[in-house]
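Chemist: Fold the following for me, if possible:
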Amino acid sequence: QVQSVESGGGLVQAGGSLRLSCAASGRSFSSYNMGWFRLAPGKDREFVAAISRSGRNSYYADSVKGRFTISRDNVQNTVYLQMNSLNVEDTAVYYCTTTIGSLMTIPSGSWGQGTQVTVSS
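Modeler: The predicted model follows:
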């Protein structure tokens with residue numbers, strides 16, 4: 001099983017960028033699809049982006065497509081989320097975990113502490 005620790009969040013102005021990191025423990029990291037999810041106040045946790053085990057395939061929520069890029073380093077056991085053109089609607093706590101499903105959008109692992117992203121107008 002993969003345990004994840006998220007980092008890289010912060011306060012940024014609208015239009016700015018952040019890069020989130022997810023450091024995963026476990027020898028079988030490269031055997032899992034990985035995904036980012038977010039939880040905003042008053043809303044349900046939602047899917048953001050996912051990447052396949054090899055890193056060749058990725059999938060994005062419509063709300064972030066063209067602005068966010070997910071990547072992974074299977075040597076460093078790390079998943080990244082590059083977030084550009086941020087807007088206030090992106091404000092949330094961001095989490096990463098393993099995912100399943102044909103589009104890799106179903107979370108299948110445990111949740112970590114997450115990292116807070118706050119976008120100011």
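Chemist: Could you give the number of residues near the nearest residue to Asn87 once chain neighbours are set aside?
Modeler: Leaving aside its chain neighbours, Asn87 sits nearest to Ala14 (5.4 Å; criterion: Cβ to Cβ, 6 or more residues apart in numbering). (C-beta placed from N, C-alpha, C; glycine too.) Per other Cβ atoms under 10 Å, the neighbour tally for Ala14 reads 13.
Chemist: Quick check on Phe29: phi, psi?
Modeler: phi -50, psi -40 (degrees, to the nearest 10).
Chemist: I'd say it and Asn74 touch.
Modeler: Yes. Counting by Cβ atoms under 8 Å, Phe29 touches Asn74, with 6.4 Å between them.
Chemist: show me the contacts for Arg45.
Modeler: 37-39, 95 (Cβ atoms under 8 Å, 6 or more residues apart in numbering).
Chemist: So which of the residues you listed sit within strands?
Modeler: 37-39, 95 (DSSP state E).
Chemist: who's Ile100 bridged to?
Modeler: Ile106 (DSSP bridges).
Chemist: Show the contacting residues for it.
Modeler: Here Ile100 is in contact with 33, 106, 108 (Cβ under 8 Å, 6+ apart).
Chemist: Can you give me the neighbour number for the residue lying closest to Val48 once chain neighbours are set aside?
Modeler: Spatial nearest neighbour of Val48, chain neighbours left out: Trp36 (4.3 Å); criterion: Cβ to Cβ, 6+ apart. Neighbours of Trp36 under the rule other Cβ under 10 Å: 26.
Chemist: what's the distance between Trp36 and Asp62?
Modeler: 15 Å (Cβ to Cβ, to the nearest Å).
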